[in-house]
Every structure is written in C-alpha cells, then in structure tokens.
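[1] Take this sequence and fold it.
(chains A and B)
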There are 2 protein chains.
Amino acid sequence: MTHIYNFSAGPAVLPKEVLAQAAAEMLDWHGSGMSVMEMSHRGPEFISIYKAAERDLRELLAVPDNYKILFMQGGGLSQNALIPLNLLGHKPAGATIDFIHTGSWSDKSIKEARKYANVNVVASSNTEVPPQAGWQLTPGAAYLHMCTNETIGGVEYQPDFNDPRLKDVTLVADMSSHILSRQIDVSKYGAIFAGAQKNIGPAGVTIVIIRDDLLGKALPVCPSAFDFKLVADNESMYNTPPTYGIYIAGLVFQWLKRQGGVAEMERRAQAKAELLYNALDASDFYDTRVAPQNRSRMNVPFYLTDESRNEAFLAGAKARGLLQLKGHKSVGGMRASIYNAMPIEGVQALVDYLNEFAANASNKP
Amino acid sequence: MTHIYNFSAGPAVLPKEVLAQAAAEMLDWHGSGMSVMEMSHRGPEFISIYKAAERDLRELLAVPDNYKILFMQGGGLSQNALIPLNLLGHKPAGATIDFIHTGSWSDKSIKEARKYANVNVVASSNTEVPPQAGWQLTPGAAYLHMCTNETIGGVEYQPDFNDPRLKDVTLVADMSSHILSRQIDVSKYGAIFAGAQKNIGPAGVTIVIIRDDLLGKALPVCPSAFDFKLVADNESMYNTPPTYGIYIAGLVFQWLKRQGGVAEMERRAQAKAELLYNALDASDFYDTRVAPQNRSRMNVPFYLTDESRNEAFLAGAKARGLLQLKGHKSVGGMRASIYNAMPIEGVQALVDYLNEFAANASNKP
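    Down below sits the predicted model:
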C-alpha cells in the first residue's frame, strides 16, 4: 500500500504508536478485563487515566498551580458561547468584550459573543496579526479574545504579549489548532481553550485552562454541565466526561513527553513549516497570502496560480497517498495541516509532489 | 483469567464483537489508511459512517420521517438545560414546564429547568411511576418532562401514554438508561434524549430525537453549537461531532440488528430482569424498594438486609469477576446494571453469587 500522509485540518493525523497502543488495549486495559470505554468514570481505573492525563498536560504546558485544567465537551465552537456565559456573571449588563479579528474563527467567536455582550473589534485583518500598537482597547472590557492560530486562513500569532497596556487585561485565547506545538507562558492568559481534534486527540474533547480567580462568574443561564466552576470543582466529572477521548489524549501526552515535549514539537514545527513555505515561495506555480511573520506553522493554505488545475492537483496528490489537501470551502485553494503527529517525511513527500506537479504542468502548458 | 462481568451503570459494558472490530480497524479503516479518529468529519469516509449510524438507529427505533436524529455532545445532564433552551423560544416569559418526579435524574432536570422557566411537579415518587390519573397537568405548559428509566433508583415506566389528556401535550423523555431495550412509539413524544454510555456506545455522544415542528424555537441565549435547529440543518456537523464515538455507536447499532433488533433486546431484558429479581425476591437476605410494576429492567438496585456485610459482598463479587456492583453513593446498597450488552450468563453468575453469599452468611451468623 502507498504510504498515507493525512493533511486533514481536523480531526487529523495521530501518532501511529498511540493508535497501536489503543488497539492493543481495546478489549482489556492493563488486565482489568474491561475496555477503557466500559469503565465507570468514577472507578479507580479511569480515575488513574484521568489524573495522569491532567498531570502530563500540566507538565507539557507548564501550567501554573493557580490554573485549572478542564476536560469538557462541545468543541472549540461551543466555547465561543461558554466563555462569555462563564466570564460575564460579575459584569454589569452591557459589558464589552474586546476582540482581535484575524480570520474565520475570530468571525465565529465575535458573532456568538454578540448574544451575550457588546463587542468591540479592536483590530482586524485576514492576512496578519494586526500590530499591537494599533489595537483600540476598550477601558474596562470584560476580556480580550484572540484566536492565536486561524485554522482556515493560516494566520498565527507570535506569542509576545509584553505590551504594558495588556498587563491588566484578561486575555482569552482559542489555541485549538496550535496548542502543544510551541512553548507558551500560560500566566499571560486568563483562559485558554482548544478542541482536541488537532494536536491532542479525537474530536469530542475540549480543553479549557483557566485561572482560578475567573471561576464562579457564570451567568445564571449558563447550563450547569458547562459551568466552569462546577466542572473544576468536580475534576471534570460533574457530568460523565468523554472518557475514551481523554484516554487517547493521555496517550498523546505520553507520546509528546517521549518525543521531547513541547520544545521539541516547536523545533519540528519550525523545520516542517520552513520546508513547505520555502518550496511554495520558490515556485511561481504556487501562491500564499499570509504575511510572512504570521504564517501558521500548523495550517498552510496555498493556491495554485492557475486554479483550473486544482482538481488535477488533488487527484495526483491522492494517488501518491497525500490526503485531504483541499482548502476550506470558504476560501478555496489548498491547505496542508502539518500538526505534531505529521512526520517531516510527510512534508517532504508533499514538497516533492509540489515540485513534480509544477514541473509537469510547465511542460504541458 | 476469571471471566469478567461488568455491572457498571455507565460507561458500561459493550459487545465484545464491537470492541474487537474497533481494535482491528483502529489503524486502517476499510483500507483508507486512516483511523476513524483521523478522518475529517466532512470527508466521504466519515460521512458514510455517520449516515449508516443515523439510518440504523432510525430503523431500530422506527423513528418517523418527521423526526430528526441529532448526534450531540454534553451528555444527558447537559440536555436538562439544552431542552428548555431549545423549546422555550416561542413561549412567553413565565412559561411553565411540567415534570414528573421519579428519582435523582428527575431531581436534576427539575433543578436545572428552574433557571429557564417555572416548574410544576405534577406527580412525585421515588419508588414508582405515579399513576397517570393523579397527574396535575398545567394547562398550556410548554412540555411535560419525564425520565423514563431512573438509573440510580431503578424506577422504569411502562410506556403507555394513551391517556387522552396527553394527546395535546408535548412529551419530553430522558431515555438515557433504557433506550434501545424496548420498543417505543416515538410518535408519542416531542423529544427524546439519551446519553450514549449505557446502551449506545462511549460517553461523549448524546442522541436527541426531535419532531420537526419543535425545531427553531431556541431562546436567544442558547449556544449555537447546541441549537437543535442548527445541528439538524447541518446533519450534526455544525460543530465537529464526536466522530469516534459515533463510529462505535454505529457498530453497536449494527450489532443490535444482527441480534434481532430492539424486539429481541426487549425479550432478553425481560428474561434477565426476571432472573435477577426472582433471586432477590426469593431470599430474605436481600431487599428491593421499587414497586414491582415499575422495576427497571436495566438498573437493579438492591440492599443487603444486613448492611454490615456490604464490603464483604463487594469483595467476594470482585473476586468472582463481578465488577462495579456498588450502589450510587446517594442511595447506597448495591446496583446491578444489566444493559443490552450484558449476556444472561453474567446475570446467572450474579444470581449464583447472590445465593452462595446468602447461604455462607447464614452458616456464619
């Protein structure tokens, strides 16, 4: 069989070692006679799985002790509502949320937040992170929301929030599509959230990392199952958690630690991204649209300069085992998502194909 | 190794055939080169898995064409909020929701609903379904909520809603812990919901079955990710769905069809429940508290008349591979959950142990 490289934006490629271990343990986890799927979430077996996953994620991201890690359901999209539902309870009616708009996921967050508060878009672009000097912050805003990696448009922040104006601002960051791919200083943020289905594990698990003082501020209409304080007080078991997804996430965290942790993931991400962007930049056959300093190292959108060749490009890619390269329908073109579990060999195979396709097309104008 | 029988109330036992198939397909689903966990939810592979699961569940429960089936996240507990958030939008402020209270899950639903509406408890008991003749229905109530199987207390409805007073009432039923174990007439209900982790699949998937005319009535504060109409219009892919859990649920649905469908599950559930309740009734050593006509066929709570022997009972059970028999902490005692995937051999093993433990204890007063 052709070696498969899966460039899906999410759900996405997972480490083969993790999948192999999950397969081997499917019917009998560690001699328990049970699949992880069959375990009571309150039994000692699952509790041990949960605690290890929480501890490993805390270690990988160097999460300070005054932050809780929540394993929730609903995906990143649900957090667009759950963040305001959880943070606005102590604010007067008519509070304002500040947003930085950098693409489609910012759009969705902004639209949803308008249900619960006034919204001020402090800066906007689809192709770069607007320079901080131009951000028009609202005095007394409830918080400042940003999507630090736009999965569709491919705009990624360089996490550098040393602007003294941000010192007293509560930052909320949607890190769904680049969490665990670079070192971050969690203490700069009030809350971080991420859907699991890119760098963490299967769809259906959502991670929330939140500073203790922001708990207990939910609006009265916030559903209990999604009340951060209730979730935190019950160690993510107020509701039955998505146990199997947490188990897989835990295996991914163990794999990350064996690989060298987030520092090593950052090094690899940089190397993979450079390899791919260099190939795209070197050819007139391909085009990219994001400002170089904010090019995502995880999601690489690109366009054929001759878009009439799109279908041929995708068919040729599929024949070589390079899967799910079609761009999001809202922006067209191509997109290669190269998350932590994508080996550099996969990126090299894509680069080889990019060069080969351009050469062949040039020969047959 | 001792044969394991897992009596967990949920997450709970799954068919071994399903787990074996999932293990075999973990690294490469049907030659795709991908795990189901790695598939884009918008790709043809996962779409085919999703459509088969929806179709099979529709067939198993004979869901009429004017009902949508939604695959959501958040568990049954989240639906205690999401049902009022989705059904009250066209009602005047101060609307009333009628509830029948039959135990802990009714309690939770009632408490949560009070956030969004007035609540009228039309009848209440912890040991039986209050006779319909005594229900004090509210004229013009938004809907009537019932939990048709109480997982903790073990009270189960006989689904017989032919009372003419109910003809124009929208029934909402939490069927989490007995869905797919008996034939039901879906057309009697406005909405049915169920967390997956009992008779359907892994925790993290929630099924909602809802009549078309009830869609589009969400309150403005309902999060978009949980708006039934948006979920329905996007075939459960408004948000990234819990793909792997849906895949496992689909395998369970296929297994149910191979076994003979819901009619066969109903026959087996009746046989298993009779076997267990007969053993409990036959011994003075054990006690049950639910009225015979409403004894749950899925969750069988029972008590040792001498509760000082509880720990010894549980230790002996575990030594024989009979796991997770401890009752819920809120009610104590024991509980045997005997869902669809529990073979009658498991119930027989429990009955043998019940008799043996009672005999031994009688010999050593």
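[2] Show me what from the stretch 51-200 of chain A comes close to chain B.
    Applying CB under 8 Å from any CB of the partner chain, we find that the stretch 51-200 of chain A lies next to chain B at A:73-75, A:77-78, A:80-82, A:85, A:112, A:115-116, A:195, A:197. In short, each C-beta sits where N, CA and C put it, glycine included.
[3] hmm, try it at 7 Å
    Contacts of the stretch 51-200 of chain A with chain B, taken as CB under 7 Å from any CB of the partner chain, map to A:73-75, A:77-78, A:81-82, A:112, A:115, A:195, A:197.
[4] ok, now which ones touch the closest residue to chain B within the stretch 251-365 of chain A?
    Nearest to chain B in the stretch 251-365 of chain A, going by CB to the nearest CB, is A:Q324, at a distance of 5.5 Å. A:Q324 makes contact with A:6-8, B:40, B:43 under the criterion CB atoms under 7 Å, 6 or more residues apart in numbering or on different chains.
[5] ok, now with 8 Å
    Counting by CB atoms under 8 Å, 6 or more residues apart in numbering or on different chains, A:Q324 touches A:6-9, A:337, B:40, B:43.
[6] repeat for A:H3
    When contacts are counted by CB under 8 Å, 6+ apart, A:H3 is found next to A:321, A:349.
[7] Same question for A:S124.
    For A:S124, the residues meeting the contact criterion (CB under 8 Å, 6+ apart) are A:100-102, A:130.
[8] same thing with A:Q132?
    Contacts of A:Q132 (CB under 8 Å, 6+ apart): A:163, A:166.
[9] How are the helices of chain A distributed by residue range?
    For chain A, helices defined by DSSP state H occupy the ranges A:16-24, A:44-60, A:75-87, A:104-113, A:228-233, A:243-259, A:261-282, A:310-319, A:344-363.
[10] before we move on, the earlier item: for the residues of the stretch 51-200 of chain A next to chain B, pick the one with the most neighbours.
    Using other CB atoms under 10 Å in any protein chain shown as the neighbour definition, those reach their maximum at A:Q197, which records 32 neighbours.
[11] Report the separation between it and A:I179.
    As judged by CB to CB, to the nearest Å, A:Q197 and A:I179 stand 11 Å apart.
[12] Nearest residue to A:R297 in space, please, no chain neighbours.
    Of all residues not flanking A:R297 in the chain, A:A273 sits nearest, at 3.9 Å (CB to CB, 6 or more residues apart in numbering or on different chains).
[13] Now do the contacts for that neighbour.
    Contacts for A:A273 were tallied using CB under 8 Å, 6+ apart; they are A:295-297, A:300, A:338.
[14] Please apply the same query to A:L19.
    Contacts were defined as CB under 8 Å, 6+ apart; by that measure A:L19 touches B:26-27, B:35, B:37.
[15] Mind doing that once more with 6 Å?
    Residues counted as contacts of A:L19 (CB atoms under 6 Å, 6 or more residues apart in numbering or on different chains) are B:26-27, B:35.
[16] The helices of chain A: which one's closest to B:T305?
    Evaluated over the helices of chain A, closeness to B:T305 peaks at helix A:44-60, with 28.3 Å, by CB to CB.
[17] What about A:G332, how many residues nearby?
    Quick note: A:G332 (other CB under 10 Å) scores 13 neighbours.
[18] Quick check on it: phi, psi?
    Dihedral angles phi and psi of A:G332 (degrees, to the nearest 10) take the values phi 70, psi -170.
[19] Check the spacing between it and B:A123 real quick.
    As for A:G332, its distance to B:A123 is 58 Å (criterion: CB to CB).
[20] cool, A:A22 as well?
    Per CB to CB, A:A22 is found 47 Å from B:A123.
[21] These two: which is more packed in?
    Set side by side, A:A22 and B:A123 show unequal neighbour counts under other CB under 10 Å, the larger going to A:A22 at 24 against 19.
[22] residue contacts, that one?
    Under the criterion of CB under 6 Å, 6+ apart, the neighbours of A:A22 are B:M26.
[23] go with 7 Å
    Contacts of A:A22 were listed using CB under 7 Å, 6+ apart, and they are A:248, A:251, B:26.
[24] And A:P15, by the same measure?
    A:P15 makes contact with A:252, A:255, A:341 under the criterion CB under 7 Å, 6+ apart.
[25] State the pLDDT value of the second one.
    Right, the one you point to is A:W255. A:W255 is assigned a predicted lDDT (pLDDT) of 98.
[26] A:V122: how many residues sit nearby?
    Close neighbours of A:V122, defined as other CB under 10 Å, add up to 19.
[27] Sorry, slip of the keys, the one I care about is A:V121.
    By other CB under 10 Å, the residues close to A:V121 number 15.
[28] Can you report how many residues lie near the nearest residue to A:L61 once chain neighbours are set aside?
    Nearest in space to A:L61, with sequence neighbours left out and distances taken as CB to CB, 6+ apart, is A:V186 at 6.1 Å. Here the number of neighbours of A:V186 (other CB under 10 Å) works out to 16.
[29] Isn't A:V186 up against A:L60?
    No. Because the distance of 11.0 Å does not satisfy CB atoms under 7 Å, A:V186 is recorded as not touching A:L60.
[30] Can you give me the pLDDT of the spatially closest residue to A:Y143 that is not a sequence neighbour?
    Take A:Y143 and drop its neighbours on the chain: the residue closest to it by CB to CB, 6+ apart is A:T170, 4.0 Å away. The pLDDT attached to A:T170 in the predicted structure is 96.
[31] Over to A:D160?
    68.
[32] residues in contact with the residue nearest to A:S32 when sequence neighbours are not counted?
    Counting by CB to CB, 6+ apart, A:E45 is the residue found nearest to A:S32 once chain neighbours are left out, at 5.3 Å. Residues in contact with A:E45, defined by CB under 7 Å, 6+ apart, are A:29, A:32, A:39.
[33] Next one: A:E45, what pLDDT does it get?
    The score at A:E45 is 96. That number is its pLDDT.
[34] what's the answer for the one 4 residues further on, then?
    Among the per-residue scores, A:I49 holds a pLDDT of 98.
[35] give me the number of residues near it?
    For A:I49, which is what you asked about, the neighbour count (other CB under 10 Å) is 22.
[36] Now do it against B:K198, distance only.
    To B:K198, A:I49 is 20 Å away according to CB to CB.
[37] residue contacts, the closest residue to A:Y303 other than its chain neighbours?
    For A:Y303, ignoring the flanking residues on the chain, the nearest one in space by CB to CB, 6+ apart is A:G333 at 3.9 Å. A:G333 makes contact with A:301-303, A:327 under the criterion CB under 7 Å, 6+ apart.
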